[in-house]
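A.B. asks: The sequence and its predicted three-dimensional model are supplied below.
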Amino acid sequence: MLSNLLELEKVFKPSLLTQINDPLLERCRIELWIKRDDLLHPVISGNKWRKLKYCLHHALSLGMDTVVSMGGAYSNHLHALAYAGKQLGLKTVGLVRGEQLSVLTPTLCDVQHWGMALKFVSRTEYRALRQYRAFDSFPDLKPQQYWLPEGGAQVLALKGVAELVNEITMPYDALCVPCGTGTTLAGIAGAVPDNVAVLGFAALKNADFLNAEVEALLARPCHNWKINMAYHFGGFAKTNASLTSFIEDFEFKTKVSLDPVYTGKMMYALYDLLQKGYFKPGQRIIALHTGGLQGKRGIVDEKSIRTGADGR
Ligand SMILES: Cc1ncc(COP(=O)(O)O)c(C=O)c1O
């Protein structure tokens, strides 16, 4: 690992395991723990550092001076990338989905403040950008520019995600994770012990394509994972009163903040599945908190959600 990346990592806090106590869990005789990647860093929190770390190492090792990537106006990925780029002396460019905003979202204000150059692209152009996966595949790259696909969905990301799995020293039966591109799930599936089931929860509607995406990222076939597609609440970044009140109640009882786009939906799903007897009594489940709390600032703006806020 390059010295400037190690230097940046020095300020990271440990990702603790917090046990959740709840009468429902006692009744079901299930132990539920949250792996607190949200506590890793005030900005590059959750799965962001896990996914970015080895990609940034790659870019710097190749002598690149700029990372170009893509995301929505509330993108956790662009937010973390812009900050990391500033810390590492890498220039960053963000291709942002949708037309130029007259007032920037809090996320875009931050990324601009950290030096990211923004270029707004139409939704059609944005969708087309998803075909470029390899770091050198984006046709508009200038010399010394490194392409990072949406959500940092690159094979190199899996190595960083595997590190979170290796930090867990207690035995457990299932590891749960919210899914956007499926990259975090792929990293986990490739790294957990053989007896552990990996359960993903899609944050998007019509997300069946995720199964193929995960398979394509995995170096070897794994049969230990499954993505539940039923808890999208109408689509990406959509919420309803039931989800909102679940999150408020959960936060009040546990003092663990959840974002409504990813971890809120996952925790809602877990509680619902518990009630339906999905898990066997005596099982120990770990849910990964993937961070994303900065994106919560956008959720108050209902209109922008409806017009396609994208936290990926
Ligand atoms: C907070 C948060 N959680 C979960 C995810 C989903 O991760 P992945 O795209 O690796 O499936 C994302 C998107 O990257 C995210 O921002």
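C.D. replies: On my side now, so go ahead.
A.B. asks: can you map out the strands along the chain?
C.D. replies: 17-20, 31-35, 66-71, 91-97, 117-121, 145-147, 174-179, 197-202, 225-228, 284-288 (DSSP state E).
A.B. asks: So for K255, what's the pLDDT?
C.D. replies: pLDDT for K255: 97.
A.B. asks: how deep is it tucked in, by neighbour count?
C.D. replies: By other C-beta atoms under 10 Å, 8 other residues sit near K255. The C-beta positions use only the backbone N, C-alpha and C, and glycine is treated the same way.
A.B. asks: Torsion angles phi and psi at it?
C.D. replies: Backbone geometry at K255, expressed as degrees, to the nearest 10, gives phi 60, psi 20.
A.B. asks: what's the domain layout of the chain?
C.D. replies: Here the domain parsing of the chain from automatic domain parsing is 7-45+156-304, 50-152.
A.B. asks: A202 touches L210, doesn't it?
C.D. replies: Yes: if you go by C-beta atoms under 8 Å, A202 and L210 touch, sitting 6.0 Å apart.
A.B. asks: quick one: common contacting residues for those two?
C.D. replies: Taking C-beta atoms under 8 Å, 6 or more residues apart in numbering as the criterion, A202 and L210 both touch 179, 227.
A.B. asks: ok, the two, which is more surrounded?
C.D. replies: A202 (26 against 21).
A.B. asks: Kindly state which of the domains of the chain is positioned closest to M1.
C.D. replies: domain 50-152 (6.1 Å; C-beta to C-beta).
A.B. asks: and that closest one, anywhere near the ligand?
C.D. replies: Yes: using C-beta under 6 Å from any ligand atom, domain 50-152 reaches the ligand at 76-77, 151.
A.B. asks: Relative to the ligand, how far out is T183?
C.D. replies: Distance of T183 to the ligand, given as C-beta to the nearest ligand atom, to the nearest Å: 4 Å.
A.B. asks: Please read the previous query as pertaining to N166.
C.D. replies: 18 Å.
A.B. asks: correct me, but N211 touches K226?
C.D. replies: No: using C-beta under 8 Å, N211 makes no contact with K226, being 9.0 Å away.
A.B. asks: of these two, who's got more company?
C.D. replies: A side-by-side neighbour count of N211 and K226, using other C-beta under 10 Å, places N211 first with 16 against 13.
A.B. asks: Determine the number of other residues adjacent to the nearest residue to that one once chain neighbours are set aside.
C.D. replies: In this structure, N211 finds its nearest non-sequential neighbour in I227, 6.4 Å apart by C-beta to C-beta, 6 or more residues apart in numbering. Other residues near I227 come to 19 when the count uses other C-beta under 10 Å.
A.B. asks: hang on, isn't I227 packed against L185?
C.D. replies: Yes: using C-beta under 8 Å, I227 is in contact with L185, at 6.9 Å.
A.B. asks: Which one of the residues in the stretch 201-312 of the chain is closest to the ligand?
C.D. replies: Nearest to the ligand in the stretch 201-312 of the chain, going by C-beta to the nearest ligand atom, is G292, at a distance of 2.4 Å.
A.B. asks: mind checking pLDDT for the nearest residue to that residue once chain neighbours are set aside?
C.D. replies: In space, and not counting its chain neighbours, G292 is closest to D259: 4.1 Å by C-beta to C-beta, 6+ apart. Listed pLDDT for D259 reads 96.
A.B. asks: do you know how far D259 is from A128?
C.D. replies: 28 Å (C-beta to C-beta, to the nearest Å).
A.B. asks: For S122, which residues are in contact?
C.D. replies: Counted by C-beta under 8 Å, 6+ apart, S122 has contacts 98-99.
A.B. asks: Comparing D259 and A128, which shows the higher neighbour count?
C.D. replies: D259 (26 against 11).
A.B. asks: Give me the phi and psi angles of the more buried one.
C.D. replies: phi -100, psi 150.
A.B. asks: Distance check, it against F12.
C.D. replies: 20 Å.
A.B. asks: Just to check, the residue nearest to G292 is in contact with Y268?
C.D. replies: No: with contact defined as C-beta under 8 Å, D259 does not reach Y268; the gap is 12.0 Å.
A.B. asks: For the residue of the stretch 1-150 of the chain found nearest the ligand, give me the pLDDT.
C.D. replies: For the stretch 1-150 of the chain, the residue closest to the ligand is N76, as judged by C-beta to the nearest ligand atom, at 3.4 Å. Note on N76: pLDDT of 97.
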